[in-house]
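Colleague: next come a sequence and a model predicted from it.
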Amino acid sequence: MIKIILSMFVLLASLSAEEVNIYTHRHYPSDEILFEKFTAKTGIKVNVVQANSDQIMKRLEEEGKYSPADLLLTVDAGRLYYAKQKGLFQPIHSKFLESVIPAHLRDKEGYWFGVTKRARVLVYNLDTVDPKTLSTYEALTDKKYRGAILTQTSANIYNQSLLASFIAHKGREAAKAWAQGIKDNFARKPTGSDRDQMRALAAGMAKVAIVNTYYVGQLMHSKNFSDKAVAEMIGIFFPNQDENERGAHINVSGIGVTKYAKHKENAIKFIEFLCSEEAQKVFTSVNYEYPANKNVAPSKLLQTWGAFKEDQIDLSLLGKYNAEAVQIFNEVGWL
Amino acid sequence: MILELKQLNKRFDKPVLKEIDLDVKQGEIISILGKSGSGKSTLLNVIAGFEKADSGSLQINGQIIFDKKKNMAPQERKIGFVFQNYALFPHLNVEKNLLFGVKERKKRKTIVKELLEMIELEGYEKKYPHELSGGEQQRVSIARVLATDPDILLLDEPFSSVDTLLKQEIEKELLALIKKSGKTAIFVTHDPKEAMAISDRIAFLENAEIIQYDTPQNIYYHPKSHSLASFFGVANFIEEKCYRLSQITLHKESGMYPVSVEQSIFRGEYYELYISVEVDGKEYPFTVFDYDAFHKEKTFFLSLGQKKF
Amino acid sequence: MLNRWSIVSYIITFIILMPIILVVNHAMGSDSQTLIHLKETVLTGYVTDTLTVVISVAVVTLILGVGAAYITTFYDFRFAGFFVFALALPFTIPTYIMGYIYSDIFGYFNHFHLFLRSLGIKEYFNVLNIYSVIIVMSLALYPYVYLIVKASFEKSKSALLNPALSLGSSHKRVFFKIILPLSRPAIIGALALVMMESISEYGVTEYYNIKTLTPVIFNTWFGLHDSRSAAYLAVIAMVMVLVVLSIEKLSRGKASYSIEESSKKVQKERLRGYKLYLTYFLLSLPVIFGFIIPILWIGVYSYEYAAHLLDAKFITALTNSFVTSALSASVIMTLAFFIGYTSRIFPVTANQTLSRLISLGFTLPGAVIAIGIIMYFADTDRWLIEHYVTTGLLLSGSLFTLIFGYIVRFTAIGIQSVDATFARISINLNKTSRSLGYNYFKTMLKVELPLMKNTLLFGFILVFISTIKELPLTLVLRPFNYETLATKTYTLANAQMLQETSIYALCIVLVSLIPLSILLLKRLR
């Protein structure tokens, strides 16, 4: 009996030679479209397990050198950094990738590559806020915003990375002061998703919310009438744009070849495909993310928000300071 | 000897069976009598094989079923066990309950009718246990055991959940049933009247030990301990010898011993007298019943061992 | 007591407990720095919130569940049959879906507030708070209590008939003096399930940002990257539940809860007048808020937004859900029955403790168990490879791992439903069968199995529905390209496409409804 089962597994494993196995955190419709396109184009079958990053990374780590996964696709640079630290990736070289993905959006040694960009920006209530009065993330700690700021909890990885970028730029103390200042200005105890922050904002509960750009896009294109209404009542603002400022905080979703990939060639092909013009256009138009490929323009919708200066910080630092950021959140009570 | 227990010991936190010796003859009906906590149910469970004794041995028909080396499983012991609440299988009808332990195909066809006839419940094949009265359930549960033709029947407090009014009736029926079957039976009971009514012999168990194992008459008239004596009703003692009410007569003028009445209580049919008897210069407290009218006087004479039944 | 039954039972328990043991072992080397940090900053608040949520949910589900079971068992009124059925329905709606729905309805820019504004009311009501979490969890979880306790009431109803017990006593007196005490194992068992699930619940607590121990475990593990301290906190949660279970077991003591079954019809008291209307009102509340409103929401959105999602992928997800859940539920009920039977025939402390321990899987957050399981199978696979049995990962990432995960997590439900009924079947039936010539195994098949048939079906359905709804374990343990209804729902919900999730949520409800209807028609009427 056991032998039969064993041989079945061996059989299954040997059935499809041309394939690539992906562990992914991303749960967006754009990705499903791209997996299909890749298979159509190359004949390589894409096998996917989609689960929460931290847990799927643990699975990859535990499976070790026998893991079937060839690729790890995840969101947040901090996690990519962490995966590299844990030895889950191997470095790869690709002339194409190195030429189209800007240096600050990929690992210097080729362990991982950013595939899409998203900015964590300010959105404001069009009725009550004049965008001219907005300037920087730091300005939000001002007393005039008491009871006027909305954002997610500190469990949110994008908030963690935003604070990590503060630590990287300005040191722990300044970062803590900022977190404390934002916390003191909360309109309410953080709850819900980025979308929920914008809904509350549109409802007039606060003046400004800190959210990721693609959620704004999703709201604008929602089939739900009330979400569309929400999108019409809010404006988007890229902070820290002045000449002496560092630019709006950006984050990536990125991908790397696993250390023990069995289909390394296919894996590299897949990454190149994701960064190709064709795929990048899908990301930006279906999921409202900014392309990581510098030769591809953002979708029309994203263009209407205007070009912006982005924080060019080494994204690995977001990972390096992640735990410290969580500690600061705990200390100031931004929970 | 159909059943023989030698030196059985069993303890949980404290000893519950101490050096138990017991033998039962073929066709005999005996009772294990004791108050609750005396160890009588454990003894029954040990015989049936539901509990394992710590030491000693157990034989049925000369075959060892338990000793140091051997512990036969209950299903192999050929012992029929009838539980207090009859333990009829609620999901099976009477017929299926009766056939539960019957494995021979040939026997299965005929036996139900025979059994139902014996317990006088013809036509009850398809009824379910909850449709039967307590007495009917009990008869079915005994018939179910008899169906497997066991060597010995064990009955755990079979009358304890029976209505007091019906008790004597059911006792009689059950006894007739067992006699008819010719089986050896061991009853466990806490009721001395019941034990006397049904048993050839009674084993009195107290504090994990068998105090006395004898015929009902001997246990009644010659009990080996005070507690056993008083368990069976009013017992009076002179120098460790027990005298039952029936062995005592009162006289107005002549008799063996002079007595003085300390208290008398009118019980309707009779008077209950608390007296003290003087024997060889020592006083003994007695309780007696008196049906006559001379109770108003304060002194009497008393004779022992006069009345016999 | 060492005998074949107990040994097999120990081995099964050990295998199931292994992932949990790994988590505990992992906790041993926890970093005191992290724990001090947590203690100084957030831990007190988290523990307070945990206790508030767990105790409140326990109390509310107790009142809702026992109250509903009592009324529908002992009183007669028009539409009683409908309520028996309807009161169980909220069980089919996953807790996190219920959470999303209410936040959608009462969200700042949604239906409820738009309605208020149309009335000229400018006030805003924040629903994303701890009270809503308690209400949502109670609505989603009270059916555990209702179903398990109702089944128990039905069994002891005949006590009302016993002349010795009910002579001159009112219904109420008999209920409080006899039926309620008799149903104690069932009530406590069901409450234990509710408490365990509310401790380990993650979806709603995360979304509503209520800090129970589960989010702090996640915070520590994935935020502070200190898995050992996270495991340590998970162990604390486990110990809390273990204490509750032990207290229950101790207070149950040696008391016997067996009662002779009877199927005699009981004269129910007929409700009239204001009592009748009050009953309708009270019974309607959990049905309306726990089922009707959510199902309307799901139904409308499915119709408006998601009908196009009914494609081949959908069918695959449906089949996957159905097959794995049915398979897991069968295995779990077999194991629970076996373990329950073993501790019944060998009622030594060791056996009874094991059946408590095995329930621990239900206390841990699904994701934490998942990681224990990943470690467990990775180790096993490495061992197999090193001993040349296999050449690659055999167990990790296979369907077997996923089903094993369900077993670790949901055996508690099986055990609780089986235990309560075992306590009600007189052990003398077992002894009788054995003295009539059958060994333990045959006795099990001939006596306990048929007597437990309904209970096993009942437990099967509870486990089946819980498995269909299960999410965190499924996500991380599943094989490549493996989608279930729950993972589909989650993927869409996580992409914040709440409307699109509705079709899958609807399907979860429908698939759960089928066995639930069978159960209720068969058992509770």
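Modeller: Arrived safely. Residues are numbered from 1 along each chain as shown, chains lettered A, B, ... in the order given.
Colleague: could you verify my assumption that residue C:507 touches residue C:501?
Modeller: No: Residue C:507 lies out of contact with residue C:501 (Cβ atoms under 8 Å); the separation is 10.5 Å. Bear in mind the C-beta positions are built from the backbone N, C-alpha and C, glycine included.
Colleague: between those two, which has more neighbouring residues?
Modeller: Shown here are residue C:507 and residue C:501; by other Cβ atoms under 10 Å in any protein chain shown, residue C:501 has more neighbours (27 against 22).
Colleague: pretty sure the more buried one sits against residue C:492.
Modeller: Yes: contact criterion Cβ under 8 Å: residue C:501 and residue C:492 qualify, at 4.2 Å.
Colleague: contacting residues around residue C:355?
Modeller: By Cβ atoms under 8 Å, 6 or more residues apart in numbering or on different chains, the contact list for residue C:355 reads C:13, C:339-340, C:343, C:415, C:419.
Colleague: just those now: which is nearest chain A?
Modeller: residue C:13 (22.8 Å; Cβ to the nearest Cβ).
Colleague: what about that closest one, which helix or strand?
Modeller: Using DSSP states H and E, residue C:13 sits in helix C:4-28.
Colleague: which of the residues in that helix are buried?
Modeller: C:5-6, C:9-10, C:12-13, C:16-20, C:22-24, C:26-27 (16 or more other Cβ atoms under 10 Å in any protein chain shown).
Colleague: do the same with stretch B:92-112
Modeller: By 16+ other Cβ under 10 Å, the buried positions in stretch B:92-112 come out as B:92-95, B:97-102, B:111-112.
Colleague: wasn't residue C:332 part of a helix?
Modeller: Yes: assigned with DSSP: H, G, I helix; E, B strand; the rest coil, residue C:332 falls within a helix.
Colleague: tell me if I'm right that it and residue C:406 touch.
Modeller: Yes: applying Cβ under 8 Å as the test, residue C:332 and residue C:406 come out as touching, 7.4 Å apart.
Colleague: show the pLDDT at residue C:524.
Modeller: pLDDT recorded at residue C:524 is 50.
Colleague: helices along the stretch 151-300 of chain B, start to end?
Modeller: B:164-181, B:192-198, B:216-221, B:226-231 (DSSP state H, counting those that start in this stretch).
Colleague: typo on my end, it should be the stretch 101-250 of chain A
Modeller: A:157-170, A:172-184, A:194-202, A:213-220, A:225-232.
Colleague: please apply the same query to the stretch 351-500 of chain C.
Modeller: Assigned by DSSP H, counting those that start in this stretch, the helices in the stretch 351-500 of chain C fall at C:366-386, C:399-422, C:427-435, C:440-443, C:449-469, C:472-477, C:485-494, C:498-519.
Colleague: can you check the stretch 201-350 of chain C too?
Modeller: Counting by DSSP H, counting those that start in this stretch, the helices of the stretch 201-350 of chain C are C:203-207, C:213-218, C:227-252, C:273-287, C:293-301, C:312-345, C:349-357.
Colleague: ranking those by burial, who's on top?
Modeller: For those, the largest average neighbour count (mean count of other Cβ atoms under 10 Å in any protein chain shown) is found in helix C:213-218, namely a mean of 26.
Colleague: dump it to PDB, keeping only the CA atoms.
Modeller: Written as PDB, here are the backbone C-alpha positions of helix C:213-218 (Å, rounded to 0.1, in the frame of the first residue of the first chain):
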ATOM      1  CA  LEU C 213      -3.600  36.900  22.600                       C
ATOM      2  CA  THR C 214      -3.700  35.700  19.000                       C
ATOM      3  CA  PRO C 215      -2.800  39.000  17.400                       C
ATOM      4  CA  VAL C 216       0.000  39.500  20.000                       C
ATOM      5  CA  ILE C 217       1.400  36.100  19.000                       C
ATOM      6  CA  PHE C 218       1.400  37.300  15.400                       C
END
